[in-house]
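Novice: 3D, please:
(4 chains, ligands or ions: 2)
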Amino acid sequence: MDAALDSLYQEIILDHYKHPHHAGLRDPFEAEVHHVNPTCGDEVTLRVHLSEGVVDDVSYDAVGCSISQASTSVMTDLLIGKPVDEAMQIHQTFLELMQGKGQVEPDEDVLEDGIAFAGVAKFPARVKCALLSWMAFKDATSQTLSKETS
Amino acid sequence: MDAALDSLYQEIILDHYKHPHHAGLRDPFEAEVHHVNPTCGDEVTLRVHLSEGVVDDVSYDAVGCSISQASTSVMTDLLIGKPVDEAMQIHQTFLELMQGKGQVEPDEDVLEDGIAFAGVAKFPARVKCALLSWMAFKDATSQTLSKETS
Amino acid sequence: MEGLLPELEIIRKDFPILERQLAGGLPLVYLDSANTSQKPQVVIDTMVDHLEHHNANISRAMHQLGAESTEAFEAARDRVAAFIKAPSRDEVIFTKNATEALNLVANTFAWASGELSVGEGDEVVITEMEHHSNIVPWQLLTERTGATLRWFGLTDDGRLDLSNIDELINERTKVVSLTWVSNMLGTINPVAEIAARAHEVGAVVVVDASQAAPQLPIDVVASGADLLVFTGHKVVGPTGIGVLWGRREVLEALPPFHGGGEMIETVTMARSTYAGIPHKFEAGTPPIIEAIGLGAAVDYLDHVGLDAVHAHEQAVTGYALEGLASVPGVRVLGPLDAASRGGAISFELDGVHPHDIAQVLDSRGVAVRAGHHCAKPAHARFGVQASTRMSSYLYTTPAEIDALVEGLNYTRSYFKVG
Amino acid sequence: MEGLLPELEIIRKDFPILERQLAGGLPLVYLDSANTSQKPQVVIDTMVDHLEHHNANISRAMHQLGAESTEAFEAARDRVAAFIKAPSRDEVIFTKNATEALNLVANTFAWASGELSVGEGDEVVITEMEHHSNIVPWQLLTERTGATLRWFGLTDDGRLDLSNIDELINERTKVVSLTWVSNMLGTINPVAEIAARAHEVGAVVVVDASQAAPQLPIDVVASGADLLVFTGHKVVGPTGIGVLWGRREVLEALPPFHGGGEMIETVTMARSTYAGIPHKFEAGTPPIIEAIGLGAAVDYLDHVGLDAVHAHEQAVTGYALEGLASVPGVRVLGPLDAASRGGAISFELDGVHPHDIAQVLDSRGVAVRAGHHCAKPAHARFGVQASTRMSSYLYTTPAEIDALVEGLNYTRSYFKVG
Ligand SMILES: Cc1ncc(COP(=O)(O)O)c(C=O)c1O
Ligand SMILES: Cc1ncc(COP(=O)(O)O)c(C=O)c1O
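Specialist: Ligands and ions are numbered 1, 2, ... in the order given. Take a look at the predicted model:
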């Protein structure tokens, strides 16, 4: 049974959980969102700062399980500094991995530490945990972009 | 299968159905009620005229199946001219017969033609038909009595 | 007979109750399917398998049984979405029955603000052939909000009288709610045509597909409906489950219906925020086993094919209309050509009350319904208190129609009419 | 162990799912019964027998199947009435679940006129330990009517803080709604005492017995409740069915809830009149199979005996509290003595999030719930986001509690805490 558990709780995930990167809420930011996982109560407040088409910062305050915390941390590593387009692409790749029921081969070049979440896709109840802050990022980013164009 | 049907559709019932007694709405009356069988739509408008503790008249306008029509006709035969107390007693006896699931032996001295309904008690869906006007009578009589005392 | 399901005998074997013997050892002739349909073994077995091996509450549970139960429940939503060709699974909301779905809609219109809100001066349009479940919720809504209830009348042959449609559906009209197929008259209504007029004036169209879903292929978008309901127990599914489908925009604009577990995003004592669709409208533990049973039911129907079911219904209905016409004193209420109607036929028999007809038929094993079939206004329109209704389904055989016709002739002789 | 059901092994054999093997061939240790209970074979078989041999719609049908179905459905009402010692069977109303029952009550208070009506200036009192299903309906009611929502706070050991009861329940109070047994803290509340105070000021008392009905003998009159609800799937019954009991006077004074078939007396296009109780509140085809299953379920519990079930729950809960106390870093939320609590125990484990605890336990076959258990405000009160909850029932063995405790110790080592 440890094998199954270990496929979920990869060392990378536990490391990010214990030592999350880019934690805390920072200025400046264009949009702040608050997302909740209604079934378990995990929460994240997340800010996005874009400038000249680049994700300059993603800052957050989050409470939740190892999977949701680690996923947030990994996400900030992946997205900060990336052009918005590319960030959205990475978002899409991660989403597909999570929704793939364990059948999708993760692309390390794109997802880096994020490939550790491949095992999560086999636990449907935990997929929502892994996606919580990614959905918040998408929401905050679209809000920012639609503000810009309006 | 005719045996079962015949136990329901006694000749007496079919006679009353084809030639109902005391039909029509008459004056004077102290209370008029309108009762409906919600499941099938059978309806009765029924008036009661009491004087000096006696059921002087029960008049009615009714639409419905053979059982409900015959039951109304038999009831008026039984109750008109009876002291209110005795009428209520007969009401109770008929009610017990109908709710007895076919296990109650009908008392011909009290129920006269009403004993023909003994077979109806074995058809739960038809018990409501047989009781429609009896319930209306009880309702109208109690309304009259409570008017008197108030 | 043209149009009958080719594998009718095999289909009948799928329904265990059809082997049932009634009093006196008589076989069951079940002609009450518009009231509720019988269930194939696969629906029963699917429910039992879930109860015996996978039972758990959904969404909330993170354990294996919880995951299995959630997956089965949400897969049922996918199946229902496919059954009615819903553009998105999130637009499929599970309710208790069609009645709850209609009340959900009527209540949330009362509570809505903005575009969808129904209030004083607004008009709601229904028809005279509606089931009580598509009348009373709108009476309650209009009484409570001060809006006005109006309705389409009926022609003598049991169709909607559309002659005043342009006056009836006007710029004050907020909602038009109508049945696709009448449960009493059998009439199939021109839903898309009426929806088009309603949309011209910006009204929302609610379609009661309770009698349509069992026998017509449904495409919610093509139907013209903005909201559409049906009930599980009439599509060979269990009781305790119904469906509300709605266009995403409409569902998202409506306020929540019942409050409680599952429909929230977050709760504090002072206030709450709500989940997105479909959960916003699914407060409390949903009918889990029932949804799973419904999923198996619509799969079963899809497997037989709704076009084939419809052809079968039309063939049997045509045969029944002929048979009924052969009985002296029978008057059918509603359209007389099988092509423009569903498989429920209400009729009168001169000189015998519907209760008594049903009773005699029952003594011969033939199960029909007698009464107003929850359509009192339609009965009143035709000046009748009650009628007898036979209703067929995919398991009905011509021989069963013969049994009905014989039973009616016997009824006439039993009651010495004619 | 004192208090355990003497025939525990035989009882376990009644529940087919307890034979289930999980991933890796592990036996199921089901400790999530406060979420939903498992079903004994007799409940499943009763439902199947009805579906295969007696299925028909009720009340409306005059044929033999219809009579059998109606009788089975109404017999279920008798059984439920006996289960809760209702003075009259007519006071038992079937709903979809406890949530619908609570919304029925909250909505009809909003629509009521006279005594029972809740409007501006009126107060509704709930408690901080309610399930969302007993919070959100009252928030919606008070928001929609302009009434004020107030609530009892909690003491540090998870009981109701009654110190301000005389101020909280005052002459403006129209409704007091509270849970009998908390689904999160396990606390058994002094319902009769609070009801007595509420009745002094003329308020109506609504009791959420969703967690009480499974494990305490219920006498609705002695409870002090005017209205009381519970849900079928937690009393070894199916999903899709709940119960509202109410005192006849209260139910008769409340207006109807949903409109539709079965709840009417007569319908015209212009207006309708309504049936008496219980039908007034049962619009549409009710959950027939589900009510019949619930009847078999409460019969099963009555047969084992609620006193015996309660003693069993207390024994297992006491043993579990001891076991949890033996695990370093465990903090139980709610009362610590088994005598004053029900069989649900929520706890924290230092350094591991509830999701992760539940996941590790699940990998060992132990099914518990992790999250807010639809009681976010109670979690907030204790400064926690989420907790892990184990909940036992009449089929739970001490060995299963041992498996939980071992699992928690393993969790600590897996996550390297302590
Ligand atoms: C105390 C309490 N009240 C209400 C409910 C709601 O029950 P249901 O979801 O079946 O409506 C529950 C269970 O979920 C509960 O534990
Ligand atoms: C046309 C129509 N609408 C609505 C309903 C109500 O369905 P339910 O009683 O399952 O809510 C029915 C069936 O009873 C019906 O035939």
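Novice: contacts, neighbours, all on C-alpha from now
Specialist: OK.
Novice: any bit of the helix or strand of chain A with the lowest mean pLDDT sitting next to chain D?
Specialist: Among the helices and strands of chain A, helix A:2-8 carries the lowest confidence by mean pLDDT, DSSP states H and E, at a mean of 87. Yes - under the criterion of CA under 8 Å from any CA of the partner chain, helix A:2-8 makes contact with chain D via A:Asp2, A:Ala4, A:Leu5.
Novice: between these, identify the one with the most neighbours.
Specialist: A:Leu5 (17 neighbours; other CA atoms under 10 Å in any protein chain shown).
Novice: I figured it was touching D:Ala358, is that so?
Specialist: No - with contact defined as CA atoms under 8 Å, A:Leu5 does not count as touching D:Ala358 (11.6 Å).
Novice: quick one, phi/psi of the closest residue to chain B within chain C?
Specialist: Nearest to chain B, among the residues of chain C, is C:Gly371, at 4.0 Å (CA to the nearest CA). With angles defined as degrees, to the nearest 10, C:Gly371 sits at phi 140, psi -150.
Novice: for it, list each beta-bridge partner.
Specialist: Taking DSSP bridges as the rule, C:Gly371 bridges to C:Ser387.
Novice: what residues are up against it?
Specialist: B:Thr39, B:Cys40, B:Gly41, C:Pro354, C:His355, C:Gln385, C:Ala386, C:Ser387, C:Thr388, D:Arg60 (CA atoms under 8 Å, 6 or more residues apart in numbering or on different chains).
Novice: C:Phe94 now?
Specialist: Contacts for C:Phe94 (CA under 8 Å, 6+ apart) come out as C:Ile241, C:Gly242, C:Val243, C:Leu244, C:Glu282, C:Pro286, C:Pro287, C:Ala291.
Novice: next: C:Pro27.
Specialist: When the contact criterion is CA under 8 Å, 6+ apart, the partners of C:Pro27 are C:Glu19, C:Arg20, C:Gln21, C:Gly365.
Novice: circling back: near ligand 1, from the residues of helix A:2-8 next to chain D?
Specialist: Among the residues of helix A:2-8 next to chain D, none lies close to ligand 1 by the criterion of CA under 6 Å from any ligand atom.
Novice: would you list those in TSV and tack on distance to A:Met75?
Specialist: Output for these, formatted as TSV (distance: CA to CA, whole Å):
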residue	distance to A:Met75
A:Asp2	27
A:Ala4	24
A:Leu5	22
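Novice: just the strands in the stretch 201-350 of chain C please.
Specialist: Taking DSSP state E, counting those that start in this stretch as the test, the strands found in the stretch 201-350 of chain C are C:204-208, C:227-231, C:242-246, C:264-267, C:272-274, C:330-333, C:344-349.
Novice: so which of these gets nearest A:Thr149?
Specialist: Evaluated with CA to CA, the strands of the stretch 201-350 of chain C place strand C:272-274 nearest to A:Thr149, the distance being 28.7 Å.
Novice: around ligand 1, which positions in chain C sit nearby?
Specialist: So chain C meets ligand 1 at C:Gly284, C:Thr285 (CA under 6 Å from any ligand atom).
Novice: low pLDDT regions in chain C?
Specialist: Judged by pLDDT under 70, chain C has its weakly predicted residues at C:60.
Novice: tell me how many other residues crowd residue 139.
Specialist: You didn't pick a chain, so chain A it is. Counted with other CA under 10 Å, residues neighbouring A:Asp139 total 18.
Novice: switch to chain C, that's the one I care about
Specialist: Using other CA under 10 Å: C:Gln139 sits among 22 other residues.
Novice: over to C:His303?
Specialist: C:His303 is flanked by 9 other residues according to other CA under 10 Å.
Novice: just how off-centre is the least confident helix or strand of chain A within its chain?
Specialist: In this view, helix A:2-8 has its centroid 21 Å away from the chain centroid, taken as CA atoms, centre = their mean, to the nearest Å.
Novice: CA-only coordinates of that helix, as PDB, when you get a sec.
Specialist: Extracted C-alpha coordinates of helix A:2-8, given in PDB (Å, rounded to 0.1, in the frame of the first residue of the first chain):
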ATOM      1  CA  ASP A   2       3.000   2.300   0.500                       C
ATOM      2  CA  ALA A   3       3.600   2.100  -3.200                       C
ATOM      3  CA  ALA A   4       0.300   3.700  -4.000                       C
ATOM      4  CA  LEU A   5       0.800   6.300  -1.300                       C
ATOM      5  CA  ASP A   6       4.300   7.100  -2.500                       C
ATOM      6  CA  SER A   7       3.100   7.700  -6.000                       C
ATOM      7  CA  LEU A   8       0.900  10.400  -4.600                       C
END
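Novice: near chain C at all, that helix?
Specialist: No - judged by CA under 8 Å from any CA, helix A:2-8 and chain C are separated, with a smallest distance of 12.7 Å.
Novice: which helices and strands does the helix or strand hosting C:Trp138 pack with?
Specialist: Taking DSSP states H and E as the definition, C:Trp138 sits inside helix C:136-145. Applying 3 or more CA pairs under 8 Å, 6 or more residues apart in numbering or on different chains; DSSP states H and E, one finds that helix C:136-145 contacts helix C:98-111, strand C:148-152.
Novice: with that, I have no additional questions.
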